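In: Here is my input; please provide its structure:
(chains A, B and C)
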Amino acid sequence: MITTLTQSQILGFSNVTVRIKNEARDSRPILEAIGLQLERGETLGIVGGSGSGKSTLLRLAAGVLTPGLVLDQGEVTTVGKNLLVATPAERSNIYGSVVALVAQSIGESLTPHLTVLSHFRDTVSGEAVDERVLESLAEVGLGGEKYLHRYPHQLSGGERQRVLLALALVRSPQLLLLDEPTSALDVSIGSEVLTTIDRLQRSRGFALVCVSHDLGVVSQISKRIAVMNQGRIVELGQTSQVLRSPSHEYTKALVSSIPKLDQRIRESSLQSNETVLVCRGLQIVRGQTTRAIDSLDLEIKQGEVVGIIGESGSGKSSLLSAICGLVSVTGGSLHDGDGYDLSTALQMRPREVLSSIQMVFQNPDDSLNPMRTVAQSLSRYTHATNSEISSALLSVGLGEQFLTRRPREMSGGEKQRAAIARALLAEPRLLLLDEVTSALDVTVQAAVMKTLADLQRKLNIAMIIVSHDIALVASFVDRILVLRNGQLVEQGSVDDVIKSPRDSYTQNLINISARRAAI
Amino acid sequence: MRRVVFSLATFIALAVVSFVGVDALPGDGCTALLGRFGTNAKIDACRRENNLNDSVVVRLKDWSGDLVRGDLGYSIKRDEQVSEIIIPRLRNTAVMAAVAALIAFPSAIVVGLLLGRYPRKRISKAVNQFSVIAMTLPEFVIATVLWLVLSIWIPIFPGVSVMPSNASLLQLLPNVWLPALTLAVVIFAHSMRTMRASVTNVQNMPFVESARLRGTNERKMISRHIVPAALPPVVNVVALDGAWLLTGTFVTEAAFNFQGLGRLAIDAISDRDTALILPIILFGLAVYLVSSILADSLVRVFDPRLRSNNR
Amino acid sequence: MKTLLRFNFLKNRALIFSVLGFHAFVALLAPYLRLSSTDSQDSAALLQGPSLNHWLGTDSLGRDVFSRLLHGGRPSLVIAFVATAISCLIGIVIGSLAALAGGWIDEALSRVIDFMLALPTLILLLLISSFFGQDPLILSVALGLMYASPIARVARSATQTLLARDFIRVARLQGGSRISILFGEVLPNVWRVMFTEVAMQFTWILLAFSSLSFLGLGASPPTPEWGLMIAESRSYMTLNPLLVIAPIMMLASLVLAIQALVDHE
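Out: Predicted coordinates:
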């Protein structure tokens, strides 16, 4: 079936279905009956959780099909050609000059042994190469000669992303494809990069397709949005329309799951008098010289929930690690509610102290021993009985069948819930949660946060929640702390901090968050 | 620079340890010379003549003094200066090593690159099988098989050689091929597999796809992106195996009776000729240390992240 | 020939296991089979080809090649097993403890491991063999000690990778002692990586001893040992080629089968 190509259509999917090679007919395809069109100069965002097929779709637009997948049905037309059947030479000609894909840059997307300038030399030749490169870099916000001869490891994450952008745009392609452009970046840096992308799109007029799991990212730079779930496009329309009044169930769930600064999902705890943690002038040094935490004062009462906001390098993870003893304290004092000195090394702490502080980590794939069943993992060091484990699992929303499951048979959300149950079995007074939902889809995140809210109310445990997402924290905790480069720049109740922040850094984070939620 | 100084210090320390160690072995140059026929009186006389009764410290001082001046010592058993024994054989081994290296390394790198970049099922399987066999079989088996095939069944090369150690280069050449070929087979597989694995590894990295999706052509992909990123592990292997070619080839040399350093080492050890064993050990240590330094420096060329400014 | 090339010897599980089975059978049961003596010399029948009396012929001293062949793997196999066991024990314990302990203990142990890795093993073996007699026990212990360091290094890096994983951190937070973590979490996850390394070390040691025997510094005559047999019979190749080919086939098949088994994992 040949699609009639209008002069201005730059990308077209007609009834595209993609399956895993050799898989049974009745199993769910990776992409199912995908149809969409994009005109010149238009912007389209594609949103979906993990497993929605959005990355596969984007790569198809670039004529790339992951080995192991087959195009079962349909056709993809990019700039008037079917790139999937083009020869390598034809594709080589098109990439960069007509179509450019900037892939997810977790890890090295820039060649480590080439300077920035050398990267451009791959495809830019002729006279005045240096000037052209300088211009390109300046356009993405990297002005000055110094960037030309830097190596990738000498650039920050944001700078690397900008270089990738410049590389993609240097030959003025008509279509730019972006895969999770800001996922690996801090919120504030990511926001700046998105602003740059938006500016460039308006001034240069190329068509743009941006894929992300983050609705906020996509809504910032695209006029139209496609929502994907389990391989299908469930909703497609103008961004503002879809976000304000979503029609499909999944979209509704997606929109309502996003944490909002002014929407509480948990009631504040009552003040207690008992202290659970006290630190004065705390100092933690990492490596030889880096001060991960510099002179921090903090007090946490029984049943209180404290949120710590910080970006990378803020010291938030070091703080948690020091509290539970995984990392040593180099200055100041750190005590628990009974006066026990928490600067003691982990192996010297008595059992009661160890149990009273427990932590849940960020990566669901790493939290459980891959060789053990849930029951084994949860009982091994807590010596809990099967019935105790069952009720712990129940309290986090996992049924009895999970006792015999192994990590590879569980989803990210299920693994995190099991990790939380394991921490609770030690009956801690203080629970530390280090970005525990950051690796989860936003709908799963909302569910896990609700479970945590229920647990906190029932057991009245104190919690420290660390996140980069200020809206998530503001909707949940009693008190907020903002960390930047090891310093505490803001501390106060949620209302105080959000409505009248004292520090400009905090204000900036609030602004970015508000902008993403608004349409 | 720091590395060089550190290695020098290591070398000196190991030299002293070796001296003391070899000295501690039962027997000395005199018992080696006189063997079973040595009566106590004769052995004593010999020892007095050669200053072997001095304490270890004194002998160590004398020996290191000699060494610095370039005098490698004197072999009592063979009644020759050590340097005159070692140097011609060192030359022979060096020639053999050079031939083996020239055959093996360039071809291994090219084959590894091609197999890694364009894996074609059948050829890949065949080469894989060959290299596994080559890597697993012991040297003496490969030597014997090659000798069987290329010297007995199809008489191309001379077999076990009868050349003297100080033969001229021209006389040396016909005898060099079989041992060099044996060594080449042994080390080819290692470098080839390392290169292939490295290329496969590099190809899966995000920056390779990133370059391809920018429109970089195949030639540039290979020469600018893939090869420099894939070379560091291969450099290490080449340095290691290169050092081995100079110091570890006893079995092959014994199999072909090739008068090189390896053959000498075996003879010296069998003869218990301590004066000869020690310089050979030191030579081995020196080669290993130098090749480590060279390898590290070369790897830095390919990976800017390792250059001095960065931790 | 083409079919021979196409048949992937090294991937065929049945073939691998039958070769290994055959070698195990031969190595273990050779003395109990009613074979001709490995030592009796029949001066009337030197360097004969295969015959009814001597299935693979006789060697230069009139000894029966077939029975010597079947006995020929035992010396190196015994030494390889003993040495590998020693090196595993020392290597795994030192390597994983170094990674678990961290700090200066780790530094010190790593220096020791590096130092031992730098030693020229074959020269040392030659020296030990020549100066301390060709005693199999001494050689096994020496081999075990020398080859403990590659295993220690792999054990250490495998353990370090494991330690960075969150579930180990949780184990520590919940009161797991270092020993219990070592045996409960670390070793079970590490052993699969180790298996390859250990199998390779086993083959290395086996071949090192065979090479030593080839040079005349390993098994001493009249012990039947494949390396020694190859060395002894090289000059008589043309008279009875089986003298050299048979031991080569035995040695090669054993070593390749082990390698193929390892590659499969």
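
In: Now do the helix or strand where residue B:278 lies: which elements does it pack against?
Out: Using DSSP states H and E, residue B:278 maps to helix B:274-302. Counting contacts by 3 or more C-beta pairs under 8 Å, 6 or more residues apart in numbering or on different chains; DSSP states H and E, helix B:274-302 packs against helix B:2-24, helix B:29-34, strand B:74-75, helix B:82-117, helix B:227-247, helix B:261-271, helix C:121-131. Backbone N, C-alpha and C define where each C-beta goes, glycine included.

In: Nearest to chain A among those would be which one?
Out: For the helices and strands packed on helix B:274-302, proximity to chain A was assessed by C-beta to the nearest C-beta; helix B:227-247 is nearest, at 5.0 Å.

In: Could the C-alpha coordinates of the closest one be exported in CSV?
Out: Provided in CSV are the C-alpha atoms of helix B:227-247 (Å, rounded to 0.1, in the frame of the first residue of the first chain):
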residue,chain,number,x,y,z
VAL,B,227,39.6,1.1,15.8
PRO,B,228,41.0,3.6,18.3
ALA,B,229,38.4,2.7,20.9
ALA,B,230,39.0,-1.1,20.4
LEU,B,231,42.8,-1.0,20.5
PRO,B,232,43.6,-0.5,24.2
PRO,B,233,43.0,-4.1,25.3
VAL,B,234,44.8,-5.3,22.2
VAL,B,235,47.8,-3.2,23.0
ASN,B,236,48.1,-4.9,26.4
VAL,B,237,47.9,-8.3,24.8
VAL,B,238,50.6,-7.4,22.2
ALA,B,239,52.9,-6.1,24.9
LEU,B,240,52.4,-9.2,27.1
ASP,B,241,52.8,-11.6,24.3
GLY,B,242,55.7,-9.6,22.8
ALA,B,243,57.5,-9.8,26.1
TRP,B,244,56.8,-13.5,26.1
LEU,B,245,58.3,-13.9,22.7
LEU,B,246,61.6,-12.8,24.0
THR,B,247,61.5,-14.5,27.4
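
In: Between the helices and strands packed on helix B:274-302, which one is closest to residue C:222.
Out: helix C:121-131 (17.8 Å; C-beta to C-beta).

In: Quick check: residues of the stretch 151-300 of chain B near chain A?
Out: Residues of the stretch 151-300 of chain B lying close to chain A (C-beta under 8 Å from any C-beta of the partner chain) are B:205-207, B:209-218, B:220, B:224-225, B:228-229.

In: ok, now with 10 Å
Out: Neighbours of chain A within the stretch 151-300 of chain B, by C-beta under 10 Å from any C-beta of the partner chain: B:202, B:205-218, B:220-221, B:224-226, B:228-229, B:231-232.

In: Torsion angles phi and psi at residue A:277?
Out: Per-residue torsions, residue A:277: phi -150, psi 140 (degrees, to the nearest 10).

In: How about residue B:155?
Out: phi -70, psi 90.

In: How many residues are close by it?
Out: As a burial measure, residue B:155 scores 9 neighbours (other C-beta atoms under 10 Å in any protein chain shown).

In: just to revisit the earlier point, now render the helices and strands packed on helix B:274-302 as JSON lines, adding mean neighbour count.
Out: Listed next are these as JSON lines, based on neighbours: other C-beta atoms under 10 Å in any protein chain shown:
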{"stretch": "helix B:2-24", "mean neighbour count": "13"}
{"stretch": "helix B:29-34", "mean neighbour count": "20"}
{"stretch": "strand B:74-75", "mean neighbour count": "21"}
{"stretch": "helix B:82-117", "mean neighbour count": "20"}
{"stretch": "helix B:227-247", "mean neighbour count": "21"}
{"stretch": "helix B:261-271", "mean neighbour count": "23"}
{"stretch": "helix C:121-131", "mean neighbour count": "20"}
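
In: For these, which has the smallest mean pLDDT value?
Out: Lowest mean pLDDT within the helices and strands packed on helix B:274-302: helix B:29-34, a mean of 70.

In: where are the low-confidence patches of the stretch 101-250 of chain B?
Out: B:159-167 (pLDDT under 70).

In: Point out the residues in it that sit beside chain C.
Out: B:122, B:125-126, B:128-130, B:132-133, B:135-145, B:147-148, B:151-153, B:159-160, B:243-244, B:247-250.

In: Please repeat the previous calculation with a cut-off of 6 Å.
Out: Residues of the stretch 101-250 of chain B lying close to chain C (C-beta under 6 Å from any C-beta of the partner chain) are B:125-126, B:129, B:132, B:136-138, B:140-141.

In: shouldn't residue A:494 be in contact with residue A:473?
Out: No - Residue A:494 is beyond contact range of residue A:473, at 8.2 Å (criterion: C-beta atoms under 6 Å).

In: Which one's more surrounded, those two?
Out: Between residue A:494 and residue A:473, counted using other C-beta under 10 Å, the more crowded position is residue A:473 (26 against 19).

In: Need the residues that contact the helix or strand containing that one.
Out: Assigned by DSSP H and E, residue A:473 belongs to helix A:470-474. Among residues not part of helix A:470-474, those counted as contacts by C-beta atoms under 6 Å, 6 or more residues apart in numbering or on different chains are A:259-261, A:307, A:309, A:467, A:494, A:498, A:509, A:513.

In: again, only this time at 7 Å
Out: A:259-261, A:307, A:309, A:465, A:467, A:480, A:494, A:498, A:509-510, A:513, A:517 (C-beta atoms under 7 Å, 6 or more residues apart in numbering or on different chains).

In: What subset of these is buried?
Out: Those of the contacts of helix A:470-474 that meet the buried threshold are A:259-261, A:307, A:309, A:465, A:467, A:480, A:494, A:498, A:509-510, A:513, A:517, by 16 or more other C-beta atoms under 10 Å in any protein chain shown.

In: Which of the residues you listed fall within strands?
Out: Judged by DSSP state E, those include A:307, A:309, A:465, A:467, A:480 as members of strands.

In: Can you lay out those as CSV showing distance to residue A:196 and pLDDT?
Out: Compiled in CSV, these are given as follows (distance: C-beta to C-beta, whole Å; pLDDT from 0 to 100):
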residue, distance to residue A:196, pLDDT
A:307, 30, 94
A:309, 24, 93
A:465, 31, 94
A:467, 25, 92
A:480, 29, 93
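
In: So residue B:176 belongs to a strand, correct?
Out: No - using DSSP: H, G, I helix; E, B strand; the rest coil, the assignment for residue B:176 is helix, not a strand.

In: which non-adjacent residue is nearest the residue of chain B found nearest chain A?
Out: At 3.3 Å from chain A, residue B:215 is the closest residue in chain B, using C-beta to the nearest C-beta. Nearest residue to residue B:215, sequence neighbours excluded (C-beta to C-beta, 6 or more residues apart in numbering or on different chains): residue A:96, at 3.3 Å.

In: before we move on, what about residue A:361?
Out: Closest to residue A:361 by C-beta to C-beta, 6+ apart is residue C:166, at 4.2 Å.

In: What's the local residue count around that neighbour?
Out: Neighbour tally, residue C:166, other C-beta under 10 Å: 19.

In: Return the residues in contact with it.
Out: A:361, A:363, A:366-367.

In: just to revisit the earlier point, looking at the ones in strands among the buried ones among the contacts of helix A:470-474, spot the one nearest chain B.
Out: Distances from chain B to these, taken by C-beta to the nearest C-beta, are shortest for residue A:467, at 26.8 Å.

In: Pretty sure the closest one sits against residue A:435.
Out: Yes - Residue A:467 lies in contact with residue A:435 (C-beta atoms under 7 Å); the separation is 5.8 Å.

In: Fine by me, thanks again.
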